[in-house]
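J.: Below are the sequence and a predicted model; questions follow.
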Amino acid sequence: MSNAGVIPVLERAPHRPQGRVGEQSVANAIASQAQPVVSVRDLHKQFRREDGRTVPAIDGISLDVGQGEVLVLLGPSGCGKTTLLRAIAGLEKPDAGQIVIHGQPAFDGARGLNRQPEDRRISMIFQSYALWPHMSAADNVSYPLVSRGMAKATAAAQAVDALRQVGIGDLGGQYPAQMSGGQQQRVALARAVVSKDALVLFDEPLSNVDAKVRQQLRLELIDMQRKLGFSAVYVTHDQIEAMALADRIAVLRQGRVEQIGAPDAIYDRPVSRYVANFIGTTNELPGRVIGVAAGQAEVDTALGRLSVGAPDGAAAGDAVCVLFRPEHCAVGAARPADGPGWEGVVVNSVFLGAYTETLLRCGHLQFQVWGQSAPLPAGATMWVSTRAERLRMVPQDS
Ligand SMILES: Nc1ncnc2c1ncn2[C@@H]1O[C@H](COP(=O)(O)OP(=O)(O)OP(=O)(O)O)[C@@H](O)[C@H]1O
C-alpha cells in the first residue's frame, strides 16, 4: 500500500488558497502545471563510507516543483534532504537520473551532462545566509550581478530596488553584523531576487536561531515569498516549519520519497507509521484485515473489531496498524454512543497550558488523548473515543 518513491507529478493542491499560490492568476497556475521549475527524475546518489560500505543517499527520487511553489523536503537526519538539495544546486553530482531546471537539462546521467551551479539560475540560502561580512548590504546584493559582468552602476541601482522590494531600502549601507537576523534574511532574499533566479534553495536557514526568533523569521519568509513569488525548495527536519512554509511537503525516508502532498493531506492521511509519527503524534492500534468491501476494511484488533476506510490495495490478511491522533480523541466516563471507543485506565493526566494530555492504558496498549478538560485522577476507569472518519489504516511494517 505504500507509495514510496512514486510521486504524483504536479499534484498541485494549493495549501493556502488565499495566499501565495492563490494570489497567482489562473493563467499562471495553468502555466505552472505546464512546466515545472524543477523536475527530478529517478535520481540516484551513493556515497562510499570510510569502512567501504555504500550509502544510497538518494535512492530513486522523482519530484517536481511548480511555479511559485514552496516544496519542503522533510525528514530525520541522514534521510537525504541535503544531498537532494545539493544535487539540484549542482554542488553534488548524482550517479544517475535527470534534473531539469527552468526547462533546461541541468543533469542527465545517461548523456553525461552536469551543468555547473552558476549555469543553473538558482540561489541558495544557507543557515548563516552566507552574507559577506566585509560588504554592505547593497554590495552583498549587487556582487553577483557585477561578477556576471553587469556595469557597477546598473548593478547598484538594481540592488537598491531589490532591497526596497524586501522592505529594507534604507539599510543598503549597513554591514551584516549591524543587522538583525530578519534583516540579514532579507538581504539574502534580495540577493536571490536580484539575480532573477526565480528558484531559491534553502538549507535549514532558521536552524541556528532560537524558537521565538525562528517563528518571526518564518512569518517574514512567508510574507516575502508571497510578495516576490519565487519558487523554493526548502530543507528542514522541523515539522512545524514544514507545515508553516510548505505548499507541499516531501517526506523523505532513507533516500526515497515516502509521501508528498499538501501539509494537511500528509497530516490527515499519512501513508505509513513513519510519516504519521514524524509529522505529529499518533496512537497506534495493530490489527489484521478480515475483509474489504465498498471501500471499508473490517479489522480485527486486540481491542475488538473496527471498520476503517480502506486504502488502495488493502486486502484480507494484511497486517495493519490503525492510527488516530490524540487531538481527535475524547475521554468520558461512559461508553460513546457511536463511533469507536475503548475502556481504559488513566495512567497519567497533566495540564500543559494549551491542552490536557492524558495517557490511558487500554488492554496492553496505551493511548494519548489531548483535550480541554481538567486533568483526570490516575487509576480512574474511563472510555477513550474517536470518530470513525479519523481512523487511518496503514501497513504494520510501515
Ligand atoms: N560526503 C559524504 N560521504 C559519505 N556519506 C555521506 C556524505 N554525504 C552524505 N552522506 C551520507 O548520506 C546520507 C544522507 O545524508 P544527507 O546529508 O543528505 O542527510 P540529511 O537528511 O540532509 O541529514 P541532516 O538533517 O543531518 O543534514 C547519510 O547517511 C550521510 O551519512
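T.: All right, it came through fine.
J.: okay, now whichever residue of the stretch 151-300 of the chain sits closest to the ligand: neighbour count?
T.: Residue nearest to the ligand within the stretch 151-300 of the chain (CB to the nearest ligand atom): residue 237, separated by 5.0 Å. C-betas here are computed from N, CA, C, even on glycine. Applying other CB atoms under 10 Å, we find 18 residues neighbouring residue 237.
J.: which element follows the top helix by length along the chain toward the C-terminus?
T.: Secondary structure of the chain read by DSSP state H shows that its longest helix is helix 211-228. Once the chain leaves helix 211-228, the next helix or strand it forms, by DSSP states H and E, is strand 231-236.
J.: What parts of the protein come near the ligand?
T.: Contacts of the chain with the ligand, taken as CB under 6 Å from any ligand atom, map to 47, 49, 55, 57, 75, 77-83, 237.
J.: Tell me which entries of these lie within helices.
T.: Reading helices off the residues of the chain next to the ligand with DSSP H, I get 81, 82, 83.
J.: returning to that earlier point: please list only the buried members of the residues of the chain next to the ligand.
T.: 57, 75, 79, 80, 81, 82, 83, 237 (16 or more other CB atoms under 10 Å).
J.: isn't the first one right next to residue 85, touching?
T.: No: with the criterion set as CB atoms under 8 Å, residue 57 and residue 85 do not qualify as a contacting pair; they are 11.4 Å apart.
J.: shaky segments in this protein?
T.: By pLDDT under 70, the low-scoring segments of the chain are 1-34, 128, 196-197, 208.
J.: Show me where it has its helices.
T.: 26-34, 81-89, 137-147, 152-165, 181-194, 211-228, 239-245, 263-268, 273-278.
J.: a markdown table for those helices, including distance to residue 369?
T.: Compiled in a markdown table, those are given as follows (distance: least, CB to CB, whole Å):
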| stretch | distance to residue 369 |
| --- | --- |
| helix 26-34 | 40 |
| helix 81-89 | 33 |
| helix 137-147 | 50 |
| helix 152-165 | 47 |
| helix 181-194 | 38 |
| helix 211-228 | 26 |
| helix 239-245 | 21 |
| helix 263-268 | 18 |
| helix 273-278 | 16 |
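J.: Now residue 80: closest residue in space that isn't a chain neighbour?
T.: Distances taken as CB to CB, 6 or more residues apart in numbering place residue 255 nearest to residue 80, at 4.3 Å, with adjacent residues excluded.
J.: need the contact list for residue 366.
T.: 347, 359, 360 (CB atoms under 8 Å, 6 or more residues apart in numbering).
J.: any idea how far it lies from residue 112?
T.: Distance of residue 366 to residue 112, given as CB to CB, to the nearest Å: 55 Å.
J.: what's the answer for residue 37, then?
T.: In terms of CB to CB, residue 37 sits 24 Å off from residue 112.
J.: Compare these two (neighbour count), which wins?
T.: Each of residue 37 and residue 112 has its neighbours counted (other CB under 10 Å); residue 37 has more, 24 against 7.
J.: right, and the more buried one touches residue 71 too?
T.: No: using CB under 8 Å, residue 37 and residue 71 do not qualify as a contacting pair, with a distance of 9.5 Å.
J.: where do the contact lists of the two overlap?
T.: residue 65.
J.: first vs last residue of stretch 117-136, how far apart are they?
T.: In stretch 117-136, first residue to last residue: 25 Å (CA to CA, to the nearest Å).
J.: and if you look at stretch 272-283?
T.: Start-to-end, stretch 272-283 (CA to CA) is 13 Å.
J.: Show me what counts as buried in it.
T.: Residues 272, 273, 274, 275, 276, 278, 279, 280, 282, 283 are the ones in stretch 272-283 that count as buried (16+ other CB under 10 Å).
J.: State the number of residues packed around residue 74.
T.: Neighbour count for residue 74, taken as other CB under 10 Å: 28.
J.: contacting residues for it?
T.: 81, 236, 237, 239, 242, 246, 249, 250, 251, 252, 278, 279.
J.: Which segments of this structure make up each domain?
T.: 24-268, 281-395 (automatic domain parsing).
J.: Nothing else from me, thank you.
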